[in-house]
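Colleague: Take this sequence and fold it.
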Amino acid sequence: MIRFSTLLTRAAAALALGSMLALAGCHRGSVQDNVVSTSTQQQFDMTVQSYKDGQFLLDGAALSPTDLGSHLAYLKDLGKLPKSVLLLPSDDAKIRKQHLQYMARLELDYGFIVYYDDKGKLVKISPVDTKPRELKDYHPPATHDTDEAPPPKDHTGTGY
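Modeller: Numbers count the residues shown, from 1 in each chain. Model prediction:
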């Protein structure tokens, strides 16, 4: 039999215990900040980010929900409609309820599956649980300053 010195045995035991503690310290069950990595994003056919006022970012362009629906209709006409879409929060806005409702509507209309990042977990949007919101563009009414005079009337005699 081979006998090891006590110093070597103790050093090996301390090294094994130290490495076990280091590995246990790295995985405390906590959620990492950047859970959805680029490799995860590549598993989806399309990645969309949430933006301010219920808008979305697609390839750096801010789109209203109606514009995003129009883009998806165009992709459907080309035969390139995505089968899975990932919704991520952007640097400017987090994912809000209206984003989920718009994506639920798009999911119903075009038949793809939408996942979103919910505090580090990927969650599938269910159109049954999430009330789908109608795709409408909101244009606020034009306001006129009261200090300005009204536009001149046309009196050319072209009345009926």
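
Colleague: and Val123, what are its phi and psi?
Modeller: Main-chain torsions, Val123, degrees, to the nearest 10: phi -120, psi 140.

Colleague: What ranges does the chain have for its strands?
Modeller: Counting by DSSP state E, the chain has strands at residues 46-50, 56-58, 61-63, 84-88, 113-118, 121-124.

Colleague: Quick one: closest of those to Leu8.
Modeller: Closest to Leu8 of those, according to CB to CB: strand 121-124, at 46.0 Å. In this view, the C-beta of every residue, glycine as well, is placed from N, C-alpha and C.

Colleague: what lines up beside the closest one in the sheet?
Modeller: Paired neighbours of strand 121-124 in the sheet (DSSP bridges): strand 113-118 (antiparallel).

Colleague: Now the partner strand: buried residues?
Modeller: Neighbour counts over strand 113-118 (16 or more other CB atoms under 10 Å) mark 114-117 as buried.

Colleague: lowest-confidence helix or strand of the protein?
Modeller: Here the helix or strand of the chain ranked lowest by mean pLDDT, DSSP states H and E is helix 38-41, holding a mean of 61.

Colleague: Could you list the low-confidence segments of the protein?
Modeller: 1-4, 17-18, 21-41, 131-160 (pLDDT under 70).

Colleague: Do a quick rundown of the helices in it.
Modeller: For the chain, the helices defined by DSSP state H occupy 6-26, 38-41, 65-78, 97-110.

Colleague: can you put the ones you listed in a markdown table and add distance to Leu122?
Modeller: Formatted as a markdown table, those follow (distance: least, CB to CB, whole Å):
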| stretch | distance to Leu122 |
| --- | --- |
| helix 6-26 | 22 |
| helix 38-41 | 8 |
| helix 65-78 | 20 |
| helix 97-110 | 14 |
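
Colleague: Relative to Asp59, which of those is closest?
Modeller: Closest approach to Asp59 among the helices of the chain is made by helix 65-78 (9.8 Å; CB to CB).

Colleague: Could I have the CA atoms of that closest one written out in PDB?
Modeller: C-alpha atoms of helix 65-78 as PDB (Å, rounded to 0.1, in the frame of the first residue of the first chain):
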ATOM      1  CA  PRO A  65     -48.700  47.800 -32.200                       C
ATOM      2  CA  THR A  66     -50.600  48.400 -35.500                       C
ATOM      3  CA  ASP A  67     -47.300  48.900 -37.300                       C
ATOM      4  CA  LEU A  68     -45.900  45.700 -35.800                       C
ATOM      5  CA  GLY A  69     -49.000  43.900 -36.900                       C
ATOM      6  CA  SER A  70     -48.600  45.300 -40.400                       C
ATOM      7  CA  HIS A  71     -45.000  44.100 -40.500                       C
ATOM      8  CA  LEU A  72     -46.100  40.600 -39.400                       C
ATOM      9  CA  ALA A  73     -48.800  40.600 -42.200                       C
ATOM     10  CA  TYR A  74     -46.100  41.500 -44.700                       C
ATOM     11  CA  LEU A  75     -44.000  38.600 -43.400                       C
ATOM     12  CA  LYS A  76     -47.000  36.300 -43.600                       C
ATOM     13  CA  ASP A  77     -47.500  37.300 -47.300                       C
ATOM     14  CA  LEU A  78     -43.800  36.500 -47.900                       C
END
